[in-house]
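# here you go, sequence then predicted model.
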Amino acid sequence: MAPFEKHIFVCCNQREPGHARGSCDPYAEERLQRAFKKALAARGLTSRVRANKAGCLDQCEHGPTVVVYPDAVWYGGVTEHDVEAIVDEHIAGGRPVARLRLADACINTAACPHKGGSR
Ligand code: FES
Ligand SMILES: [Zn+2]
């Protein structure tokens, strides 16, 4: 079997209500990851692309957070309504969804405007 061409890592981390950083899946429903799996299956992509549950990706303030590798494209504020666009436009079409992408200045930095300058 050929190796997977892409992995979609979907943060499924939970934190207690009211936590300063929030969390991407506060009710532990894993609905977003399941929506990706379903969308991939519906398009016959599951042998090439895998949607993985991920722990905290350390972009909590931008969540729900999703990252696609090997493309290293980060998405923030992703909802179930965005799944089809990501799968159709990016995964199948090769064009990342610009409106959902995290800015480079937001990724792996201790402080960006969304993090309020502290962590
Ligand atoms: S809780 Fe999702 S990135 Fe941290
Ligand atoms: Zn930011």
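It's in. Numbering: from 1, shown residues only. Ligands and ions are numbered 1, 2, ... in the order given.
# any chance you could list what contacts the lengthiest helix in the chain?
Identified as the longest helix of the chain according to DSSP state H is helix 31-42. Applying Cβ atoms under 8 Å, 6 or more residues apart in numbering, the external contacts of helix 31-42 come out as 8, 10, 12, 24-25, 46, 49-53, 64, 66, 78-80, 83-84, 86-87, 91. Every C-beta, even on glycine, is put in place using the N, C-alpha and C of the backbone.
# all strands for the protein, in order.
6-11, 49-54, 66-69, 73-75 (DSSP state E).
# so what's residue 118 scoring on pLDDT?
If you check residue 118, the pLDDT there is 43.
# low-confidence stretches in this structure?
116-119 (pLDDT under 70).
# just give me the residue right at the centre of it.
Centroid-nearest residue in the chain: residue 66, 1.0 Å away (criterion: Cα atoms, centre = their mean).
# roughly how far does that residue sit from ligand 1?
9 Å (Cβ to the nearest ligand atom, to the nearest Å).
# what number of residues lie near the residue nearest to that residue when sequence neighbours are not counted?
Among residues not flanking residue 66 along the chain, residue 75 sits closest, at 4.4 Å (Cβ to Cβ, 6 or more residues apart in numbering). The local packing of residue 75 (other Cβ atoms under 10 Å) involves 25 other residues.
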